[in-house]
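[1] need coordinates for the below:
(chains A, B, C, D and E, ligands or ions: 4)
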Amino acid sequence: MNDDILLSARELSVRFGGVLAVNKVSFDVKKGEVFTLIGPNGAGKTTVFNLISRIYTPTSGEIHFASHHGLLKLTDLPPHKVAGLGIARTFQNIELFEHATVLQNLLIGRHTHRRTGLWSELLFTGRTRAAEIAAREKVEQVIDFLDLQHHRESMVAGLPYGVRKVVELARALCTEPRLLLLDEPSSGLNVEETEDMAFWISDIKNELGITVLMVEHDMTLVSKVSDRVLAMSMGAELATGTPAEVQSHPGVIEAYLGTVDDVSSLRRENHGRVAA
Amino acid sequence: MTAPVTDNAVLKLLNVESAYGPIKAIRGVSLQVRRGEIATVLGSNGAGKTTILKTISGIIDPRKGSIEFKGENITAQDPALIVQRGLMHVPEGREVFPLLSVRDNLLMGAYTRKDRDGVARDMELVFNYFPILRERAAQDAGLLSGGQQQMLAISRALMANPDLILLDEPSLGLSPKLTKEIFEIVVRINRERGTTILLVEQNANMALNASDYGYVLENGRIVMEDTCARLREKDDIKEFYLGMKEAGVRADRRWKKKKNWR
Amino acid sequence: MRFIFKTDYDQDIRLAKHGGHVFWYSLLGLFLAVAPWALPEYWLAQLTFVLIYAIVGLGLMLLAGFTGLFSLGHAAFLGVGAYTEAVLTNAGWPFPISIACAGLLSAAVGMVVGLPALRVKGIYLGMATLAFGFIVEEGMARWEHVTGGNAGLPVNPPGIGGWTIDSTEGFYFLCLVLCVGATLAIVNLLRAPTGRAFVAIRDSEISAQSMGIHLARYKTMSFALSAALAGIGGALYAHKIQFLSPDQFSIIQSIDLLLMVVIGGLGSIHGAFLGAIFLIVMPQLIALAKDFLPEAIGQSTGLQGTVYGAVLIAFVLFEPMGLYGRWLKIRTWFQLFPFYRKGMFKRQKSFQKSDRLK
Amino acid sequence: MQLLQLLIGGVAQGCIYGLIALGFVLIYKATETVSFAQGDLMMVGAFGGLLTMTLLGFPFWVSVLAAVIGMGLFGVLLERLVIRPILGQPAFSIVMLTIGVGYVLRGVITMIPNIGTDTHSLAVPYAGEVLNMGGLVLAAEQLVIIGVTAVLCGGLFAMFKYSKLGIAMQAASQNQLAAYYMGIPVKRLNGLVWGLAAAVAAIAGLLLAPITFVHANMGFIGLKAFPAAVVGGFGSLPGAIVGGLVIGVVEALSGFYLPEGFKDIAPYLVVLLMLVLKPNGLFGEKLRKKV
Amino acid sequence: QSQGVSKDEIVLGSIQDLSGPLAGFGKQARLGMMLRVDEINEQGGINGRKLKLLVEDSKYDPKTAVLAAQKLVNQDKIFMMVGHIGTAQNMAAMPVQFQKNVINFFPITAAREMYEPFHKLKYSFAATYFDQMKNSLPVVVKEKGAKKVCTVYQDDEFGLEVVRGAKEGLKSIGMEMAEEASFKRGATEFGSQMQKLAAAQCDFVVLGTIIRETVGTIATARKLGFNPTFMGSSALYTDLIHKLGGPAMNGLYATMTVQNPYLDDASQPVRFWANKYKTKFNEDPTVFSVYGYNIIDTFAKAAGKAGANLSTDSFIKVMDTMTIPTDIFGSAPASFGPQKRLGSNASRLSQIVDGKWKVISDYPKN
Ligand SMILES: Nc1ncnc2c1ncn2[C@@H]1O[C@H](COP(=O)(O)OP(=O)(O)OP(=O)(O)O)[C@@H](O)[C@H]1O
Ligand SMILES: Nc1ncnc2c1ncn2[C@@H]1O[C@H](COP(=O)(O)OP(=O)(O)OP(=O)(O)O)[C@@H](O)[C@H]1O
Ligand SMILES: [Mg+2]
Ligand SMILES: [Mg+2]
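    Ligands and ions are numbered 1, 2, ... in the order given. Okay, the predicted model is just below:
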């Protein structure tokens, strides 16, 4: 495996009963890039994420990850070890800790950096206190970075959808990952917020130096931030390349983008039933 | 600001105020949706769009104000009763029945209907709209992919053949192609069946194209309303909802002023 | 209303968040310290029971309220602790060692029980712990030469060397010290990474796992800690009640313990204490009240059960968030006093969601 | 022969467990709560039958019908008064409620002067009759239990599987909010479920009465039905019956072949074994959240 | 002066099961006590002091019993605990009482611990299950000419006491227990147990059972065509057995002391007493009503003798010279002494004949 490759998936397949959700997919994510998976609904994008974070075990194929301790076969690890290697993720349907505050959610993100033992926590020794303050400082940086000051003490259960998306991103960042998996980061966000998200993702890549693997349906965002795009369909690889290349791939247009500009066909003002 | 009074309004909200515990989410919203029209509510995150829809369908009780549907007062009624009167809500976040099969999910959409033939026909219809649902008819809905669940949620509402559909972000998590198809379907249902639709959508471009009339919601208040044609021309809308503006410098964006119409 | 301006992260970590806390908890401490002189003996004994049950409640709160694992066999841990303590004390072991053994043995048993918890949740876990509770109860009855079987086992007072604590007051202070210690330990834990990991598991296992939390380890740990506290509580219980028999640790006791934390208010430390007060004081109040009722009602059979059940129902109906939830509302009411609006705490419609998928 | 007789006894007893477990599963499937009051409803049902028969002097079948219908109405009422006000709260609150309801039912029954504290026998027409098949004996009481259990289980199974109502009940238990969105009258269905559960409990109580007698604490047999429900898989009706049979047979065999005391804990050992081997029971769904 | 005794009142406490598994017995015992208390108070009390009886509910749970005892002893300041029901409950409550020098007077349980090991505050009246079986079993076994004696018993301290007594009795006639089967309290199904005994071809079964289990085991056996001689302890000597079990119960032997007060009893005083009870409480009396009645009766006798300065010590002094003759219910003559805290360990035999208990032997003379 190349030195500049962070994650490499080889011939990944997974089958659920009769459904071949992922079919012999291979790709490499290079260090420091934003790599995007696109594809029609049910193409198997989320399933790929779930394979990387070890929620599913592939029927065949392997995933390798260039960790600090050298090259690791991810598919051999138990799920809770994945975060420790520096792989963090967000979820398509948002999986936050609902009955905790935003701050607590972010602090849980610091879990892999925990250095205190049970006894020192029970007694809350100076060491634990110092560790707590250090964790807080790190979390505050993330809060600053994503403009979450306002929601710091709010219960997650009462937050609007858009804010939750950001909180989830924040929680992932708190783990200080090397690879960040984002599952549809912009879904449910409006244009303006999606733009913010675009900026954040490029900041994450450029300023924090984190490699990003993303699933996204908003092609504007995809074009703006990704370095490379992999299009999937029915579990299999369809096309790989720069955003522009993939977007002009006829198969991708056919299966995923649809023919251009049918939006205006929806226009209805000539119905004229509306009172002025 | 009061909405222009017309008598063919299917849905009428008058000064509705809803809250989650001590937090007020919408403050005095008045709006109306006319028969056969597609209306849309725009607004940023947390503006209270979802709350309006939930209040209409009786999931939360308003503190103040009244809601009228087809001339009847449905304020704070039992949600089941409201659905029986012909109002269907496609909720934010899909909310499928995870352990029921796709087919049973669809059947539940038609719970209030008595005409078996009609139900069978509509089932066929939604299967044609979304062939994947036919393929997965026997699978547990909880195992569908996010987008597939969204298709199911929309189809389930169509199964009820209602007079008014409340759509909360129907394009959430759908591929660009499907997003367009969804809007086509919405418009088609509206034209062919005369179903009235109240639409909440982050994809303002689509929403404004598909709808007749639009409201803009900020911090729980309606700050602007007009026909969609006119809304599309307004600068504020262009900038904040359609993303059409001079590509600003980076620093600019970070220090942008929060939009404010008051 | 109170506004706190924070200037320091430590302010969030500190136990007493503001002067009010310091004042009220000092007052409570003072009361507890002078209680033996201020209260009649009977009520002091009840207070001791409250402290004992609060220790057990803390443990169960950690498990059920903070980790989301409901145990229907908690009486078994109480029993293991109680019998360990009884056997060791009767064999002349000094109290500090015997109670440590009681806690540790319970914790060990808790870890074993935690094993099925790694695979099952919700109602299935409840049943697993229930089954375990029955087996332990049976074991206590069968292992006669140690536990005395169904004939029961008298328990000597605690002591070190030649010095024994056999006065009501002395034992009260012993319980007080252990209870305060246990509370501090749990509160500390909850503001540290382990406590947060528990909460994470409660709210979403999948995302806890993806944050690097080893589910098996933390669930087992939660079980062990919870069982250890139950064991310590059990040890004190043994001394207070002075006579052990297996049927004291039956399913009824387990249900009572669970009632305690639910009525107190799941997910709050205060809840454990309020629940303990409820559990002890409620039957006493019923017993006291019936002396004032007309003979026909006051002395009728089944009264105690009926009233207890009715109070329980009323509690859940009117305050599903438990006593602590009620207290929070009252407090907010006072804080907001002139601005309080009617309907602010009106219960919103809420909707149950399947926890078969979590 | 010996073995066969043991098996017959075990099956008959298992059907009792299954019958009670049926009540648990019914409530669980439709509301996702576990009703700890099920045993006590059973007890009240048996007392109901007793009262109509002895005090009002109704003939057997009439009083059975009266008791079952009466209990059904009582279940509906119970739901209306006690469960509905907190509908939507976490399932655990409702579990607590049922525990409270159990206390009250037991207490109130005990309070009935002259009757509540006593043990009574219920005069069923088939009492004491024994079917003798070449040395193997089967009491009529057991035969009736086996038959009724099979019929009830079949009926309920069909309801949940095929009827719109049954599917809607499951839907409401999986996602109450969505059920409201679909116009499913969740509250009314809930009332129906509790009514049904209470009626099933009454049937169980009446069937059990000739064997265990009617007394305020007869509901505690419900604790044995929990293992049955778990072994079968909590959400499965046929599972409840199969689980009951497994428990019944295991009990019978361990009582005969194993040392003293094993009969009583054998069911729980089976449960633990089950939870280790197949945590969701024999018929339980394998559940996993998709993210 | 002891607590609970004032110029015009003596406060007594009792703990009964009023809402648990033995609520029936608890209630009857309470009513029996009430009957005697009311009678005494109507006659002016004991040396001018009225009796006040406080009854707490233990739900048959030892922990609740301790709480109840604490309330009675420390809050209500009772003079004495009378007729407390249940073995474990008594064991749990006694330390609380003894700390405050409160006598545990005539608990309603036949466990040996109620008078052993010796404590000056313990007084017991009930012939123990152990002695009952030890003394009576050999008599019946010999009379029936039984070859194989077996037992089915409730798997707790009560059941074990019966079995221990039975084994002791068998030893005295050179026999052994041939087969044993047990069940847990509250069991409803006895198929495998009875089959086990049937398989061992027992012709005599000792029942360590109480009520429903007695009926259940015998009924099961009869259905299986297994018809040995059944014999149990005084725990199953109640009218419920034949009321519940019907004809299948005929022939069952039980040890007992006082007889069940049938409303149509042959003895006139018993009939009178039973009808008085029935009129007062609108309930049929049972043997537990008699226990309750007799407990208060004995207390009153001793307290009356102790005179005006009634105290724990003076009461003990009187008790230790008390002899109590047999009464209308046929209780065994009892006597107490400074080291003798069990009134009498004698019991007699009765059998269900035509659906009613019938006394068939007198107390053994020794
Ligand atoms: N646990 C599972 N059991 C059965 N089928 C599954 C499971 N997980 C996923 N699938 C199926 O695998 C296919 C791929 O699902 P996946 O969630 O990966 O899609 P996706 O590409 O993320 O789609 P979307 O854009 O809609 O989120 C779908 O058809 C889905 O129904
Ligand atoms: N369950 C809740 N508890 C407390 N506050 C809530 C709750 N749900 C919503 N809110 C608050 O109500 C306000 C309006 O929320 P709502 O969900 O209606 O916004 P929205 O316009 O639909 O946003 P989005 O575009 O993110 O879906 C928000 O400020 C939110 O914080
Ligand atoms: Mg997906
Ligand atoms: Mg919304």
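[2] Three-state assignment for the closest residue to residue C:54 other than its chain neighbours, please.
    Distances taken as CB to CB, 6 or more residues apart in numbering or on different chains place residue C:276 nearest to residue C:54, at 4.1 Å, with adjacent residues excluded. All C-beta spots, glycine's among them, are computed from the backbone N, C-alpha and C. Secondary structure assignment for residue C:276 (DSSP: H, G, I helix; E, B strand; the rest coil): helix.
[3] hmm, residue C:48 and residue C:276 touching each other?
    No - when contacts are counted by CB atoms under 8 Å, residue C:276 is not listed as touching residue C:48 (11.1 Å).
[4] where are the low-confidence patches of chain E?
    E:365-366 (pLDDT under 70).
[5] what are the ranges of the helices in it?
    Taking DSSP state H, the helices of chain E run over residues E:23-42, E:62-70, E:87-99, E:129-144, E:157-172, E:191-199, E:212-223, E:240-245, E:268-281, E:287-306, E:312-319.
[6] what do you get for the stretch 101-250 of chain C?
    Using DSSP state H, counting those that start in this stretch, the helices of the stretch 101-250 of chain C run over C:122-142, C:144-147, C:168-190, C:193-203, C:205-210, C:215-241.
[7] okay, stretch B:84-104 in PDB with CA atoms only?
    These are the backbone C-alpha positions of stretch B:84-104, laid out as PDB (Å, rounded to 0.1, in the frame of the first residue of the first chain):
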ATOM      1  CA  GLN B  84     -59.800  10.900   9.400                       C
ATOM      2  CA  ARG B  85     -60.900  14.300   8.200                       C
ATOM      3  CA  GLY B  86     -58.500  14.000   5.300                       C
ATOM      4  CA  LEU B  87     -55.200  15.600   6.500                       C
ATOM      5  CA  MET B  88     -52.000  13.600   6.200                       C
ATOM      6  CA  HIS B  89     -48.600  14.500   7.500                       C
ATOM      7  CA  VAL B  90     -45.300  13.200   6.100                       C
ATOM      8  CA  PRO B  91     -43.200  13.800   9.200                       C
ATOM      9  CA  GLU B  92     -39.600  15.000   9.400                       C
ATOM     10  CA  GLY B  93     -37.300  12.100   9.900                       C
ATOM     11  CA  ARG B  94     -39.300   9.400   8.100                       C
ATOM     12  CA  GLU B  95     -40.800   7.700  11.100                       C
ATOM     13  CA  VAL B  96     -41.600   4.400   9.400                       C
ATOM     14  CA  PHE B  97     -42.700   1.400  11.400                       C
ATOM     15  CA  PRO B  98     -39.400  -0.400  11.600                       C
ATOM     16  CA  LEU B  99     -40.600  -3.900  12.300                       C
ATOM     17  CA  LEU B 100     -43.500  -4.000   9.900                       C
ATOM     18  CA  SER B 101     -43.000  -5.000   6.300                       C
ATOM     19  CA  VAL B 102     -43.000  -2.300   3.600                       C
ATOM     20  CA  ARG B 103     -46.400  -3.500   2.500                       C
ATOM     21  CA  ASP B 104     -47.800  -3.300   6.000                       C
END
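[8] ranges for the strands of chain D?
    D:130-133, D:136-139 (DSSP state E).
[9] ugh, wrong one, the stretch 101-250 of chain A
    Taking DSSP state E, counting those that start in this stretch, the strands of the stretch 101-250 of chain A run over residues A:179-183, A:211-215, A:228-233, A:236-241.
[10] circling back: now tabulate the helices of the stretch 101-250 of chain C in TSV and tack on mean pLDDT and distance to chain A.
    Below are the helices of the stretch 101-250 of chain C laid out as TSV (pLDDT from 0 to 100; distance: least, CB to the nearest CB, whole Å):
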stretch	mean pLDDT	distance to chain A
helix C:122-142	83	16
helix C:144-147	86	31
helix C:168-190	93	4
helix C:193-203	93	4
helix C:205-210	91	4
helix C:215-241	94	7
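[11] please identify the deepest-packed of the ones you listed.
    With neighbours defined as mean count of other CB atoms under 10 Å in any protein chain shown, the helices of the stretch 101-250 of chain C peak in mean count at helix C:215-241, which reaches a mean of 26.
[12] and the residue of the stretch 51-200 of chain A closest to ligand 1?
    Relative to ligand 1, the nearest point of the stretch 51-200 of chain A is residue A:92 (5.5 Å; CB to the nearest ligand atom).
[13] could the strands of the stretch 101-250 of chain A go into CSV alongside distance to chain C?
    Listed next are those as CSV, based on distance: least, CB to the nearest CB, whole Å:
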stretch, distance to chain C
strand A:179-183, 9
strand A:211-215, 14
strand A:228-233, 22
strand A:236-241, 25
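[14] now do the same for the residue in the stretch 151-276 of chain A that chain C sits nearest to: its pLDDT.
    Proximity of the stretch 151-276 of chain A to chain C (CB to the nearest CB) peaks at residue A:175, 6.7 Å away. At residue A:175, the model reports a pLDDT of 93.
[15] okay but it is in contact with residue A:112, surely?
    Yes - taking contacts as CB under 8 Å, residue A:175 lies within contact range of residue A:112: 5.6 Å.
[16] any idea how far residue D:105 lies from residue D:37?
    From residue D:105 across to residue D:37, the span is 7 Å (CB to CB, to the nearest Å).
[17] more neighbours: the two, which one.
    Per other CB atoms under 10 Å in any protein chain shown, whichever of residue D:105 and residue D:37 has more neighbours is residue D:37, with 33 against 25.
[18] which phi and psi values does that one adopt?
    With angles defined as degrees, to the nearest 10, residue D:37 sits at phi -90, psi 0.
[19] around the closest residue in space to residue C:211 that isn't next to it in sequence, count how many other residues there are.
    Of all residues not flanking residue C:211 in the chain, residue A:111 sits nearest, at 5.2 Å (CB to CB, 6+ apart). Residue crowding around residue A:111 was assessed by other CB under 10 Å; the count is 24.
[20] just the one 4 residues further on next, same as before
    By the other CB under 10 Å criterion, the neighbourhood of residue A:115 contains 12 residues.
[21] which residues does the closest residue to ligand 2 within chain A contact?
    Closest residue of chain A to ligand 2, CB to the nearest ligand atom: residue A:158 (2.8 Å). By CB atoms under 8 Å, 6 or more residues apart in numbering or on different chains, the contact list for residue A:158 reads B:20, B:23.
[22] roughly how far does it sit from chain E?
    Distance from residue A:158 to chain E, counting by CB to the nearest CB, to the nearest Å: 42 Å.
[23] for residue D:75, see how far away that residue is.
    Look at residue A:158 and residue D:75: by CB to CB, they are 36 Å apart.
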